[in-house]
Every structure is written in structure tokens, then in C-alpha cells.
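Asker: Provided below are the primary sequence and the corresponding predicted coordinates.
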Amino acid sequence: MAGLFMELGGKRILLIITGGIAAYKSLDLIRRLRERGADVRPVMTAAAQEFVTPLAVGALSASHVYSDLFSREDEQDVGHIRLARDCDLVLVAPASADLLAKMAHGLANDLASTVLLATDKPVLAAPAMNPKMWSAPATQRNVDMLRADGICFVGPMRGEMAESGEAGLGRMAEPVEIAETAAALLRGGDRPLEGRTALVTSGPTHEPIDPVRYIANRSSGRQGHAIAAALARLGADVTLVSGPVTIPDPAGVKTIHVERAEEMHSAVLSRLPVDIAVMVAAVADWRVATSSDQKIKKQAGDAPAPLILTENPDILKTVGHHVKRPRVVVGFAAETQDIEENALRKLERKGADLIVANDVSPETGIMGGSRNRVKVLSPTGVEAWPDLTKDEVADRLARLIAERLAER
Ligand code: C5P
């Protein structure tokens, strides 16, 4: 198959598909893994076959599909122990609550659970289930045990469920994200931020005027969320403090949701100390000094109610000058004019090591869009990066941060 990136070239992935509606996404996952060069050998549970057919899985993976622990034919072919070991990674996607429970307790009563117990290779699980099942104490206990056993996780994500009206944490991570996490895991040594902690802010803030109105801005959170995910892929333990956004929480990251700048400020300070801080949020500079508890009424003939504003705390500046200052502090400068000069002044004033400056004039389409063209300023110089996707900017920045951390 023609490779797009071939970052998984020659790698053998044993893909275990369990029963759940997200199993349909494992068909796409097989394609994403194969276009990166991986050899995919699928194992399906009995429940998985209720959702997708072995025929489709076999055709897309160009491999025999294994499902029966007691198949004499399969046992003669590879055998379940060799199946568990003749691979570079065991990937479970979707990982149902049932399979996680079996894994945590060492049960081995079908091919999938037996292979998981017998393998000596890294295991990556992409859970997918109803939010109530995910947050159930039993599932959370199992996940904690599995993490302690060295099992890696990608997702689940927050979002709409297949069941109408159900939403929350439980959606399987997107196939591309799973493939990228698998690639990062297989790169193994290439996790320069392993053991490091990072804090990222993202999105806008909403500053209430009254219970129904607020002051906001056009930030989508895309760049900040992408940076949090990129730092996590390099091995960092990442906390993301996000303002109100419509995009899902990134995989592999702990996300704290806030609304107002003051909430973001205290969430950030409560997480110090960390090694890395990347403040990407478009924090409102001002909040309404006297926001009303009641909806402000329009009075016939009266002048509009005046809005008295007061300054919000500057989170980046606080972090940049804090006694527990992270070793690498990165800020953003969203400007519409004199970009470099303003960013240079910001570098000093905010106590940052790097400022990523971008032009957010409406004609650039950057604010809310999926691409970004940035200049990265440090006290020693300016680097102009080409036009990139926000994910690419995030990857480059995460690598740059890892290099700076290694220098010290
Ligand atoms: O001063 P300005 O808002 O242009 O600075 C932008 C940088 O400062 C961004 O990194 C932003 O996240 C951060 N900032 C902050 N708290 C504020 C205002 C900006 O953390 N109140």
C-alpha cells in the first residue's frame, strides 16, 4: 500500500477489536495504520463480530482474522502464544469495559484476553463506552490498575455518544490520533519529555455581564489543544486548562474546564510546579467589574447600562515571574500590527523564554482556522516558520521545548 509517512514501516501491530459501536471506526484505523506502513494482524472478539464483519476486517488488513481460541487451524498456523509475541505492539481499539476488566484481573477465557495475558509487547488501549460505564468506579479502578501495570491509553474523548441524547467522556479517540499514538509509542526512545510535567492554557475566556450575557473572543482552542496533545505524544504528563470551546478534549491529556480568566488563573496556579508552561489561551484582558446576578433589563427611554471594566490577572506574566516558575515558559502573541516589536516587548514583560507570534488580522483566517503562520521569538533571535497546520506548529513547538529543556 502506498505510504504517506511510513512512520510505522515494517512494524507489526496486533489489533484487538472488541464489541462496541465504535468498532466501525476500527476499519478506518486499519487503513490509517497501513498507510503509515504497519502490518496489521486483527483479532476479533465474538461481540466485535456483531458490529463489523471479519470479512471487512480481513479485506482491509489483508490478513487472516483471528477470533477463536480453540481453532485447530489457527493454532497450527501461529498459535495464540506466537500471536501474542510476533508483533511490535498490541493495540486494543475499541477497548470495551468488559475487556479492560478482564485485562485488569488477568482473565483469559477467549482469544483476545488470552493474547493480552500472554504478550510480552507494549499494549495500547483506546477505550470506548458509554460515559456512565467509563466513570463507573469499577472501570476507573481497572484503568488505574492497568496504568500501574504499564498499559498505555489513548482517549477516551468527550463528545456525543451513539445513543441519542447521551454525551460525555467515553467516545473512542479518532483513528488518526490512535495511529499517531501507536507510532509515538513504537518510536520508543523518541519520548524526550518522558517524566516532565506540562501545563497548557487554551481557548477563549467568557467574562459574564449578567447570568445570560458575556464578553468573549473568536479563539477556537485548536492551537492550544494541539500543543497539549503534541507535548503528551513526546511523553509529557500534560494538564490542559481550557476555556469554553466546541472541540473535544485532546487524547492523553488531563483537561480542566473553566469559563472565566480568574478561574483559569487559579486553576493554573494550583498546578504549579511544572516543568513546562505554554499559555495559548486568548484570555480576556478585562472583565465586567460589577457583573449582575440578575439579567440586566432594558428600560424604555433609559440610556444603555454602562459596562465598567476591570483588568483580569495576567496568567502568563504571573507564571513567568513566579517563585515556582517552570523551566520553560512559552507565551503567544496574537497581534494585528507591529507583530515582531510587540512580541519582543512581551517576551521581557511576561518573563517568557519563547513567544510565538502570529498575525490574527481577519484576512489571515488564523483565528478559528486550521492553519497558522508564526514567528518564534527568543532573547537570541527570531525564527519565521512556514505556513503550517496547527498540528504541525504544535509538533515543532513541542520538539523545540524538548530541546530547550535538554539544554539546561
Ligand atoms: O498581552 P497579551 O494578551 O497580548 O499576551 C498574550 C499572551 O499572554 C498569551 O500567551 C496569553 O495566553 C497570555 N495571557 C495570559 N493572561 C492574560 C492575558 C494574556 O496568560 N490575562
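Answerer: Structure's in. What do you need?

Asker: next helix or strand past the helix or strand encompassing T181?
Answerer: Using DSSP states H and E, the element containing T181 is helix 175-187. Downstream of helix 175-187, the first helix or strand assigned by DSSP H and E is strand 197-202.

Asker: which residues touch the residue minimising distance to the centre of the chain?
Answerer: The chain has P250 as the residue nearest its centroid, 2.3 Å off, counting by CA atoms, centre = their mean. Taking CB atoms under 8 Å, 6 or more residues apart in numbering, we find P250 in contact with 225-226, 228-229, 232, 240. C-beta coordinates here come from the backbone N, C-alpha and C atoms, glycine included.

Asker: could you do M145 as well?
Answerer: A104.

Asker: gap between A333 and the ligand?
Answerer: Taking CB to the nearest ligand atom, to the nearest Å as the measure, A333 falls 5 Å from the ligand.

Asker: so A128 makes contact with G20?
Answerer: Yes - proximity of A128 to G20 meets the contact threshold set by CB atoms under 8 Å, at 5.2 Å.

Asker: shared neighbours, the two?
Answerer: Residues touching both A128 and G20 by CB under 8 Å, 6+ apart: 94, 96, 172.

Asker: which of the residues you listed tops the neighbour count?
Answerer: Counting neighbours by other CB atoms under 10 Å, P94 comes out on top of the shared contacts of A128 and G20 with 30 neighbours.

Asker: what separates K346 from A352, distance-wise?
Answerer: 7 Å (CB to CB, to the nearest Å).

Asker: now the common contact residues for the two.
Answerer: G331.

Asker: neighbour count winner among the two?
Answerer: Taking neighbours as other CB under 10 Å, K346 and A352 compare with A352 leading, 27 against 21.

Asker: what's near enough to touch that one?
Answerer: 316, 320, 329-331, 346.

Asker: thinking again about what came up before, what packs against the helix holding T181?
Answerer: helix 23-35, strand 89-95, strand 123-127, helix 222-233 (3 or more CB pairs under 8 Å, 6 or more residues apart in numbering; DSSP states H and E).

Asker: could you dump those to CSV with mean pLDDT and distance to L405?
Answerer: Shown next, in CSV, are the helices and strands packed on helix 175-187 (pLDDT from 0 to 100; distance: least, CB to CB, whole Å):
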stretch, mean pLDDT, distance to L405
helix 23-35, 96, 30
strand 89-95, 98, 27
strand 123-127, 96, 25
helix 222-233, 94, 11
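
Asker: sorry, back to before: most neighbours out of the contacts of A352, which is it?
Answerer: G331 (28 neighbours).

Asker: element containing that residue?
Answerer: Applying DSSP H and E, one finds G331 within strand 328-335.

Asker: now do that strand against strand 197-202, angle only.
Answerer: On the basis of axes from the mean of the first three to the mean of the last three CA atoms, to 10 degrees, strand 328-335 is oriented at 10 degrees to strand 197-202.

Asker: ok, then the element right after strand 328-335?
Answerer: Next element after strand 328-335 (DSSP H and E): helix 339-350.
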